[in-house]
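Enquirer: turn this into a model:
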Amino acid sequence: MVLLIPAAGMGTRLGLDVPKAFVPLAGSTLLERSVVAAWDSGVIDQIVVIVPDDQVDATGALLPSVTVVAGGAERSDSVRAGLAAADPAADLILVHDAARALTPPSLFGDVVAALRSGAPAVVPGLPVADTLKRVDDAGLVRATPDRSELRAVQTPQGFTAALLRRAHAGAGDATDDAGLVESLGVDVRVVPGDEMAFKITTPFDLTVAQRLCAAGEADI
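Expert: I've put the predicted structure just below:
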């Protein structure tokens, strides 16, 4: 079982001058927390971290337990770089956002269990609490989807290795690996997500994460 962590993005919405994965949170970087949670799950055999080219050596020193490779200009380029470095004998591969730094180890196990039960692709997801509107370019509402059918999808996302490699072969950029798999006509199973697996994207998200850590709410 291989876990890929694409961590080459700058995270400009956080307003900081370091790659988002290297933003500190309660004494550890987001990336370190994600790696620790993955190892603590007990279901991962190899972790491949994909970082900016100028961060490869520093990341290797920071995280000697992982394989570190340089990423590309887009997220999908980084995932493909990670696939190239993954153990070719691995039958299953997970992809996880470093920015979901408070993801509990149990969620990795839940995704892997669903894969082991026969699902070719698995994503964690939470029911959508807000009413959503489909809005056109003029700012007019065109539809109100039934939110009972909607899920906010998280990571780690899991796939059979052959399927994920096929989905990324010759593909352009994609922010969601499951979306690439869906485009192949393959069913993607959704398992219950976790509120702690939220993505740290904005200063508000980072403040929430800091307060959760200070309150002892994080598992890692």
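Enquirer: pLDDT (mean, whole number) over stretch 12-28?
Expert: Mean per-residue pLDDT for stretch 12-28: 85.
Enquirer: give me the neighbour count for residue 166.
Expert: 16 (other Cβ atoms under 10 Å). Every C-beta, even on glycine, is put in place using the N, C-alpha and C of the backbone.
Enquirer: pretty sure it is in a helix, no?
Expert: Yes - under DSSP: H, G, I helix; E, B strand; the rest coil, residue 166 sits within a helix.
Enquirer: residues contacting it?
Expert: residue 184 (Cβ atoms under 8 Å, 6 or more residues apart in numbering).
Enquirer: one more pass at 10 Å, please.
Expert: Contacts for residue 166 were tallied using Cβ atoms under 10 Å, 6 or more residues apart in numbering; they are 159-160, 180-181, 184, 186.
Enquirer: do residue 29 as well
Expert: 7, 18-23, 35, 59, 62-63, 98, 101.
Enquirer: repeat that with 8 Å
Expert: Counting by Cβ under 8 Å, 6+ apart, residue 29 has contacts 21-23, 62.
Enquirer: okay if I get those residues as JSON lines plus secondary structure and distance to residue 165?
Expert: Output for the contacts of residue 29, formatted as JSON lines (DSSP: H, G, I helix; E, B strand; the rest coil; distance: Cβ to Cβ, whole Å):
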{"residue": "21", "secondary structure": "helix", "distance to residue 165": "24"}
{"residue": "22", "secondary structure": "helix", "distance to residue 165": "28"}
{"residue": "23", "secondary structure": "coil", "distance to residue 165": "31"}
{"residue": "62", "secondary structure": "helix", "distance to residue 165": "28"}
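Enquirer: can you map out the helices along the chain?
Expert: 30-41, 56-62, 75-85, 105-116, 161-168, 177-183, 203-214 (DSSP state H).
Enquirer: circling back to that earlier point, quick check: the two most widely separated of the contacts of residue 166?
Expert: Distance extremes for the contacts of residue 166: the farthest pair is 160 and 180 at 13.5 Å, using Cβ to Cβ.
Enquirer: and stretch 94-107, how far out from the chain middle?
Expert: Here the centre of stretch 94-107 is set off from its chain's centre by 6 Å, with Cα atoms, centre = their mean, to the nearest Å.
Enquirer: for stretch 142-150, same thing?
Expert: With Cα atoms, centre = their mean, you get 25 Å for stretch 142-150.
Enquirer: using PDB, write out every CA atom in that stretch.
Expert: C-alpha atoms of stretch 142-150 as PDB (Å, rounded to 0.1, in the frame of the first residue of the first chain):
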ATOM      1  CA  ARG A 142     -30.300  28.300 -12.300                       C
ATOM      2  CA  ALA A 143     -30.900  25.300 -10.000                       C
ATOM      3  CA  THR A 144     -31.000  24.200  -6.400                       C
ATOM      4  CA  PRO A 145     -29.600  20.700  -6.200                       C
ATOM      5  CA  ASP A 146     -31.000  18.200  -3.700                       C
ATOM      6  CA  ARG A 147     -28.400  18.300  -1.000                       C
ATOM      7  CA  SER A 148     -29.400  14.900   0.300                       C
ATOM      8  CA  GLU A 149     -27.600  13.500  -2.800                       C
ATOM      9  CA  LEU A 150     -24.400  15.700  -2.300                       C
END
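Enquirer: what's it in contact with?
Expert: Contact partners of stretch 142-150, identified using Cβ under 8 Å, 6+ apart, comprise 127-136.
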